[in-house]
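Trainee: got a sequence here, can you build the structure:
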Amino acid sequence: MTTIDERNAKARLRYAENKDSEHIKQKAWRAKHKEQEKQRWKIYHILNKDKINAKQRERRAWNKDNIRAKRREWYHANKAELQVKMKKNRIALRAEILRHYGSKCACCGETEPKFLALDHINGGGYRHRKNIGQDGHSLYHWIRKNDYPAGFQLLCHNCNMAKGLYGECPHKTGERRE
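Mentor: This is a model prediction of the structure:
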């Protein structure tokens, strides 16, 4: 009778000798049973979530400097492509927010996206951004995450500044300086 270690050694040897054909068989089996494998791994991760997370935390704690160095190295190697991708994502997110809130200034009707700004209808934008800890494009992420809440509107930068400085835009009051 053979021990488990002996059986494992024989299996490893058999696999090494027939590596190519075994690999092809495994790949074919995985392709045929793709959904079954997905379900199996999903269940495994659900059942072993705490164990997996604990192992990952432990591994990260031991290799913190190593992981940081590898991430930094990867970032510097891919910096240009990453910046292009991030810029595209920011532009797409801003366009999504503008579309949702009407794509034009609520006061004067300006439609040029470069001139539009997101405005808190009832004021208090500074306090709101500080409370939620979001600013700039991360505010756009917060808005999408919170399912486009009411209380925001689009204003062009001129109307937004006038509202902030004077309480109301000249378009609303009809005042004009000559």
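Trainee: what's the mean pLDDT across stretch 57-70?
Mentor: Averaging pLDDT along stretch 57-70 gives 88.
Trainee: actually stretch 28-40, sorry about that
Mentor: 88.
Trainee: then that stretch to CSV, C-alphas only?
Mentor: Provided in CSV are the C-alpha atoms of stretch 28-40 (Å, rounded to 0.1, in the frame of the first residue of the first chain):
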residue,chain,number,x,y,z
ALA,A,28,-10.4,21.3,-22.9
TRP,A,29,-12.2,20.1,-19.7
ARG,A,30,-12.2,23.7,-18.3
ALA,A,31,-13.6,25.1,-21.5
LYS,A,32,-16.4,22.4,-21.5
HIS,A,33,-17.2,23.0,-17.9
LYS,A,34,-16.7,26.8,-17.7
GLU,A,35,-19.9,27.6,-15.9
GLN,A,36,-19.6,24.7,-13.5
GLU,A,37,-16.0,25.9,-12.6
LYS,A,38,-17.3,29.5,-12.1
GLN,A,39,-19.9,28.3,-9.7
ARG,A,40,-17.5,26.1,-7.9
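Trainee: return the distance of E110 relative to H45.
Mentor: Taking C-beta to C-beta, to the nearest Å as the measure, E110 falls 50 Å from H45. C-beta coordinates here come from the backbone N, C-alpha and C atoms, glycine included.
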